[in-house]
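> predicted model and sequence below, questions to follow.
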Amino acid sequence: MLTYHLEHRGIDAKYYYLYKEIKKDIVSGTIQKGEKLPSKRGLAEHLGVSLITVENAYQLLKEEGYIEARERSGYFVCAIQAMEVRKEEDRKLQMLSLEQSDWTKEQEKDAHFQYSLYFKTVRSVISEYGKELLQRSPNEGCAILRNSIARYLLRYRGIFAQPRQIIIGSGAEHLYGTVVRILGNDKIYGMEDPSYPQIQKVYEGTGAVCEKLLMGSDGIKSSDLQKTKADILHVTPFHSYPSGVTATIGKRYEYLKWAGEGERYIVEDDFDSEFFMPGKPVETLFMLDNSQSVIYINTFSKSLFPSIRMGYMILPERLLERYQQRSGGFSCTVPVLEQYALAEFIDRGHFEQHLNRIRKQRGRV
C-alpha cells in the first residue's frame with residue numbers, strides 16, 4: 001500500500017501533494033508500468049484522508065496520462081519513459097545577486113543628473129496625460145517625442161530634420177538592427193578598426209558581412225576607404241571609441257564623396273558629441289550631406305543615464321518609404337510613458353541645462 005505523509009497539509013493542498021508524490025514514484029520507476037494502484041476508498045482509509053482527496057489526485061494523474069482507468073478493474077500505471085526525478089534541493093530557487101553599478105570613476109564624476117527633477121517630470125506627465133499613456137505607440141515612436149527631438153536638434157545642435165524623419169528605438173544597438181532591416185543584410189558593412197565591439201556583433205548577428213577599415217589620425221585611412229567593397233559605412237566621426245579620433249572636416253567630406261559614388265550609405269554614430277562640443281555644435285555628416293546618404297543615430301543612454309535605453313535615428317527622406325515597407329509593422333520598443341516623460345523633459349529645457357552643466361564640469365566651456 002502507498003504511504004505518504006499528508007497530516008499537516010491543508011485540505012486543498014492534500015490532493016495535489018498526493019498527485020505529485022504518486023507521479024514522482026511513477027516517473028522514477030518505483031511504481032512500475034502496468035501496476036495497479038490501490039482503490040480510491042482503500043487508499044483514502046489507509047492515508048486517513050477523504051475519498052474526494054484521492055479522487056482528485058487520481059483524476060489529475062489520469063488527465064496527464066500517468067494512469068488509466070480500466071472498467072471494473074481500477075487504475076493502472078501507463079507505459080511512459082522513465083526519467084530521473086530531481087532531488088528536492090535541486091528545486092530550490094537560487095536567487096541572483098542584486099546588480100551593482102559598473103560606472104567608471106569618470107562617469108561618477110559626471111553623474112550629477114537631477115533624478116528628482118526627472119521623476120517630478122514623470123509624475124507630471126502621468127497626471128496630465130492619464131489614459132493616453134496606455135495607448136500603443138506608433139512604430140516610429142510617439143509624435144510628441146519626435147517633435148521635441150526635432151526642435152532640440154535645430155535649437156541646440158543646428159541639425160535640421162523633419163519630425164517624420166525621426167525614428168525612436170530602445171538604444172543604439174536596436175537602431176543598428178533597424179538599419180539592417182532597411183538597407184538589407186546582403187550588403188557589406190564597413191566599420192572603423194578599432195570600433196565599439198557591439199556594432200560588429202549586431203550587424204553580423206543579422207547575417208550581414210562586416211569589413212574592418214583601419215583608422216588613422218584623422219579617421220579611416222584613405223587607402224582602406226578607396227579599396228573597400230563595403231556598401232554601407234558605419235562611422236563615429238566625433239571621438240570614436242576606443243581610439244578617441246575625431247574625423248577632420250576634410251575626412252568628413254571624403255566620407256560623403258565616397259557615399260555619393262553609387263548606391264551607398266553612411267551610418268553616422270554620434271553618441272558622444274553632445275558632451276564634448278568646444279563652444280559650438282560639431283558639424284555632423286548629416287548636416288553636411290546633400291545627397292541624402294547619411295543615417296544619423298544618437299542615444300540618450302550616454303547623455304542622461306544608462307537604464308533609459310532610448311535612442312533615435314534620423315533617416316534621409318528617400319528612405320522613409322523603404323522604412324515603412326520593411327520595418328513599419330514592428331512595434332516601437334520604448335514605452336509610451338518614457339517617451340512622453342522625455343519629451344516633457346526636453347521641452348522644459350531640463351535636458352539642455354543638464355548637458356550644459358556637464359560640459360562646464362568637464363572644463364570644456
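Thanks, I have the structure now.
> in the chain, spot the helix with the most residues.
In the chain, taking DSSP state H as the definition, the longest helix is helix 11-28.
> that helix: what's the following helix or strand?
Using DSSP states H and E, the helix or strand that follows helix 11-28 in sequence is helix 40-47.
> relative to the whole chain's centre, how far out is that next one?
Centre-to-centre, helix 40-47 and its host chain are 54 Å apart (Cα atoms, centre = their mean, to the nearest Å).
> list the contacts for the nearest residue to Lys40 once chain neighbours are set aside?
Among residues not flanking Lys40 along the chain, Val54 sits closest, at 4.6 Å (Cβ to Cβ, 6 or more residues apart in numbering). Placement of C-beta: from N, CA and C, glycine included. Counting by Cβ atoms under 8 Å, 6 or more residues apart in numbering, Val54 touches 15, 18, 40-41, 43-44, 47.
> so Val54 sits in a strand?
No - checked against DSSP: H, G, I helix; E, B strand; the rest coil, Val54 lies outside a strand; its state is helix.
> how much space between the residue sitting furthest away from the middle of the chain and Ser39?
Most distant from the centre of the chain: Arg72, at 58.6 Å, with distances by Cα atoms, centre = their mean. Distance of Arg72 to Ser39, computed by Cβ to Cβ, to the nearest Å: 12 Å.
> equivalent analysis for Gly141, please.
From Gly141 across to Ser39, the span is 66 Å (Cβ to Cβ).
> just for the chain, where's the confidence low?
1, 5-12, 81-91, 99-113, 275-281, 362-365 (pLDDT under 70).
> can you give me the domain assignment for it?
Segmentation of the chain into domains, based on automatic domain parsing, reads 11-86, 112-361.
> surely Ser39 touches Ser73?
No - applying Cβ atoms under 8 Å as the test, Ser39 and Ser73 come out as separate, 10.4 Å apart.
> which one's more surrounded, the two?
In this view Ser39 and Ser73 are compared by other Cβ atoms under 10 Å, and Ser39 has more residues nearby, 14 against 8.
> got a list of what that one touches?
Ser39 touches Gly74, counting by Cβ under 8 Å, 6+ apart.
> before I go, just wanted to say thanks for your time.
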